[in-house]
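Student: fold the following.
(2 chains)
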2 protein chains.
Amino acid sequence: MVQSEGAYQAGQLLARGVARYLRSLDFSCVQEFVPARGLRVDVAALGPKGEIWVVECKSCRADFAADSKWKGYLEWADRFFWAVDADFPIGILPDETGLILADGFGAEIVRWGPETLLAPSRRKVQTLKLARAAMFRLQTARDPLLSPS
Amino acid sequence: MVQSEGAYQAGQLLARGVARYLRSLDFSCVQEFVPARGLRVDVAALGPKGEIWVVECKSCRADFAADSKWKGYLEWADRFFWAVDADFPIGILPDETGLILADGFGAEIVRWGPETLLAPSRRKVQTLKLARAAMFRLQTARDPLLSPS
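Tutor: You can find the predicted model right below:
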């Protein structure tokens, strides 16, 4: 994926607002999560009943146009959302996907899109991966002298 | 539980060493995890196959003697370990439990103790709790301006 530094930073801001909002819905989040080799989603969220949502943050038209992988994310989540800011040309986004309007401080779901439930075996594996990814990152954040692994 | 500030800090150091060591075994850790209401374990660890271990860190004899709850931890883990430093009088620890020798920088398992596998339903619930606890804490660490929740 070709993505400028500016688009990356703008996407990170959207991800922060999305994560704050999802927390208000009692969903925990981890950013830049890898559900499977070669795929990296902007925000993966885990709900109180084990629901798994994926949110891709797009800062501008070019940022969306450069993403050739998004259809590959759908099979890794019960729900998939785009997150964009108020200036984004939302008409270019596929109708059959969820939509979140966001800025760096918060967000709101404006279209839910379809729910496609994960198979139990995949949900189990992904929940374990989310747990271990977050736990390893938290340890690294708390223990800066940890040897690289 | 009555626990002095010094014992608490010494326990935290042991927990850091334990977490570093468990990472070398490909176990992720979260500290001060609450598996059930009224119980707080020093270290909960999650292995690559979903194994759940609990480690209680004891800095001194008094720290161990003050812990009246440890038997209640056993049912929340596949394996349970004490973690103590080289000066600890290990003879006072129950034989039928795992034992880790630790300091602030590392650790080593010296006695495995029994393995008592969690029921699948409990493992599922606890894995989800571990994931959400770590994800929420990681978000708080990354986003200091997050409103308290």
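Student: residues contacting the residue nearest to the spatial centre of chain A?
Tutor: Central residue of chain A (Cα atoms, centre = their mean): A:Val43, 2.0 Å from the mean position. Counting by Cβ atoms under 8 Å, 6 or more residues apart in numbering or on different chains, A:Val43 touches A:15, A:18-19, A:22, A:29-31, A:33, A:54-57, A:83. Just so you know, the C-beta spots here come from the backbone N, C-alpha and C atoms, and that holds for glycine as well.
Student: restricted to helices, list the residues you listed.
Tutor: If you go by DSSP state H, the contacts of A:Val43 have A:15, A:18-19, A:22 in helices.
Student: most neighbours of all the residues you listed, which one?
Tutor: A:Val18 (31 neighbours; other Cβ atoms under 10 Å in any protein chain shown).
Student: buried sites along the helix or strand that contains A:Arg40?
Tutor: According to DSSP states H and E, A:Arg40 maps onto strand A:39-46. Of all the residues in strand A:39-46, those buried under the rule 16 or more other Cβ atoms under 10 Å in any protein chain shown are A:41-46.
Student: go on, stretch A:129-144?
Tutor: Neighbour-count burial for stretch A:129-144 [16+ other Cβ under 10 Å]: A:129-139, A:142-143.
Student: report the rounded mean pLDDT for stretch A:100-112.
Tutor: If you average the pLDDT over stretch A:100-112, you get 97.
Student: how far does it sit from the chain's center?
Tutor: Centroid separation between stretch A:100-112 and its chain, computed with Cα atoms, centre = their mean, to the nearest Å, is 12 Å.
Student: stretch A:75-82 now?
Tutor: Averaging C-alpha positions (Cα atoms, centre = their mean) puts stretch A:75-82 9 Å from its chain's average.
Student: that stretch: end-to-end distance?
Tutor: Stretch A:75-82 has an end-to-end distance of 15 Å (Cα to Cα, to the nearest Å).
Student: need the residues that contact that stretch.
Tutor: A:35-36, A:39, A:41, A:44, A:51-58, A:64, A:73-74, A:93, A:97-100, A:109, A:112-118, A:122, A:126.
Student: how about stretch A:97-113?
Tutor: A:13-14, A:16-18, A:20-22, A:55, A:57, A:79-86, A:90, A:93, A:96.
Student: quick one: end-to-end length of it, please.
Tutor: Taking Cα to Cα as the measure, stretch A:97-113 stretches 5 Å from start to finish.
Student: repeat for stretch A:17-35
Tutor: Termini of stretch A:17-35 sit 22 Å apart (Cα to Cα).
Student: just checking that stretch against chain B, any contact.
Tutor: Yes. Stretch A:17-35 comes into contact with chain B (Cβ under 8 Å from any Cβ of the partner chain), by way of A:19-20, A:23-24, A:28-31.
Student: in ChimeraX, how would I select just the buried ones from the contacts of stretch A:75-82?
Tutor: A single ChimeraX command selects the buried members of the contacts of stretch A:75-82 (16+ other Cβ under 10 Å):
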select /A:35,41,44,51,52,53,54,55,56,57,58,64,73,93,97,98,99,100,109,113,118,126
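Student: from the contacts of stretch A:75-82, which land in strands?
Tutor: Among the contacts of stretch A:75-82, the residues falling in strands (DSSP state E) are A:35-36, A:39, A:41, A:44, A:52-57, A:98-100, A:109.
Student: ok, which pair from those residues is furthest apart?
Tutor: A:Ala36 and A:Ile109 (25.3 Å; Cβ to Cβ).
Student: and A:Phe105, which of the three is it?
Tutor: Under the three-state scheme (DSSP: H, G, I helix; E, B strand; the rest coil), A:Phe105 adopts coil.
Student: do the same with A:Ser68
Tutor: Following three-state DSSP, A:Ser68 is assigned to coil.
Student: ok, it to chain B distance?
Tutor: 28 Å (Cβ to the nearest Cβ, to the nearest Å).
Student: from A:Pro120, how far off is that residue?
Tutor: According to Cβ to Cβ, to the nearest Å, A:Ser68 and A:Pro120 sit 30 Å apart.
Student: so how far is the strand holding A:Arg40 off the chain centroid?
Tutor: Between the centre of strand A:39-46 and the centre of its chain there are 4 Å (Cα atoms, centre = their mean).
Student: using CSV, write out every CA atom in it.
Tutor: Output of strand A:39-46 as CSV, limited to C-alpha atoms (Å, rounded to 0.1, in the frame of the first residue of the first chain):
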residue,chain,number,x,y,z
LEU,A,39,-3.0,-8.2,6.6
ARG,A,40,-2.9,-5.3,9.0
VAL,A,41,-6.0,-3.6,10.1
ASP,A,42,-6.1,-0.1,11.6
VAL,A,43,-8.3,-0.9,14.5
ALA,A,44,-9.5,-4.2,15.8
ALA,A,45,-12.2,-4.0,18.5
LEU,A,46,-13.4,-6.7,21.0
